[in-house]
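Peer 1: sequence and predicted structure, then a few things I'm wondering about:
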Amino acid sequence: MAQSVSKAVNEILSNTAYLHFSFEHKLTNDSAIAKFIKPRVEEKVGKPVSLGAVIAAVRRFTLSFKPTEKTRAFIQFLKSVHIQLRTGLVDVTFKRTYKTAENLAALAKKIRWEQGEKMHVLQARAEEVTVIAHAAFLKDVLACAPKKDVIGTHSSIASLTVLFDRSLVEKTYGVMQFWTGIFASLGVPIHLGVLTYSSCSFIFSEEHAPRVYKVLSDSLAEIHAMH
């Protein structure tokens with residue numbers, strides 16, 4: 001069912017949690033936002049609309065914007081996180097077989113976690129198993145399966161892990177977009193993303209590690225300083 005321009009704009013901007021901080025502090029350019037969302041507005045309205053009408057609707061929205069409880073939770077969530085960076089890693093993805101899983105389990109028993117050695121086995125898909133480990137274990141990891149079962153591998157990779165307060169998760173949205181948006185703004189591809197109970201890890205090329213860590217650290221520091 002077609003919507004009015006005003007209703008379409010309100011719906012779109014209400015769902016862009018990553019912009020709410022800018023709306024709250026009047027940091028946005030109404031014309032730029034209108035140009036950005038105009039194609040989506042036309043989809044919702046069901047016909048071409050003028051840029052002026054979209055700008056006017058955006059201006060009404062931003063002037064009256066008040067942060068919701070969920071928006072405040074978004075900022076509180078970001079203030080709760082801590083980040084860890086690890087480099088010198090590799091990842092290998094295999095076709096999943098019983099024998100490969102058995103070999104990887106045996107290798108995992110040899111990892112000395114108390115000395116800082118790492119090897120993570122990800123089995124989220126029925127057809128694949130991915131291993132992330134220190135580069136020193138690459139040969140041992142590859143030996144766990146025949147060469148024909150190796151789907152892909154990356155060397156010289158880094159892991160950026162975001163540790164968060166689990167109690168805030170169910171009240172928050174937009175944080176994944178915030179994190180991946182930083183990678184996107186830097187032009188850094190994410191090889192793998194792993195979300196667990198109280199952390200989220202992004203696997204990417206090690207050459208980008210200093211930039212990614214600095215920008216994310218600076219962004220979090222600014223959020224702490226301004227609230």
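Peer 2: Received it, and whenever you're ready, just let me know what you need. Residues are numbered from 1 along each chain as shown.
Peer 1: alpha carbons only for contacts and neighbour counts from here, please
Peer 2: Will do.
Peer 1: quick one: low-confidence parts of the protein?
Peer 2: Counting by pLDDT under 70, the ranges of the chain that qualify are 1-2, 17-18, 21, 67-71, 225-227.
Peer 1: got the domain boundaries for it?
Peer 2: For the chain, automatic domain parsing gives the domain ranges 5-67, 78-226.
Peer 1: got TSV for these, with mean neighbour count too?
Peer 2: Converted to TSV, those look like this (neighbours: other CA atoms under 10 Å):
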stretch	mean neighbour count
domain 5-67	16
domain 78-226	15
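Peer 1: state which helix of this protein is the longest.
Peer 2: helix 209-226 (DSSP state H).
Peer 1: just the strands in this structure please.
Peer 2: 82-95, 119-122, 128-134, 150-163, 192-195, 199-205 (DSSP state E).
Peer 1: tell me who's in contact with Gln58.
Peer 2: I think there's a mix-up here, since residue 58 is Val and not Gln. By CA atoms under 8 Å, 6 or more residues apart in numbering, Val58 lies in contact with Ser6, Val9, Asn10, Asp30, Ile33, Ala34.
Peer 1: can you do 7 Å?
Peer 2: Contact analysis of Val58 by CA atoms under 7 Å, 6 or more residues apart in numbering lists Val9, Asp30, Ala34.
Peer 1: let me have the residues you listed in a markdown table, adding distance to Leu142 as columns.
Peer 2: As requested, the contacts of Val58 are exported to a markdown table (distance: CA to CA, whole Å):
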| residue | distance to Leu142 |
| --- | --- |
| Val9 | 52 |
| Asp30 | 53 |
| Ala34 | 51 |
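Peer 1: would you mind measuring from the residue nearest to Ala73 when sequence neighbours are not counted to Phe183?
Peer 2: What sits nearest to Ala73 in space, not counting adjacent residues and going by CA to CA, 6 or more residues apart in numbering, is Thr172, at 5.7 Å. According to CA to CA, to the nearest Å, Thr172 stands 20 Å off from Phe183.
Peer 1: do the same with Leu107
Peer 2: 33 Å.
Peer 1: same check, this time on Lys79
Peer 2: 19 Å.
Peer 1: before we move on, what about Val162?
Peer 2: Applying CA to CA to Val162 and Phe183 gives a distance of 13 Å.
Peer 1: give me the common contacts of the two.
Peer 2: Contacts common to Val162 and Phe183, judged by CA under 7 Å, 6+ apart, are absent.
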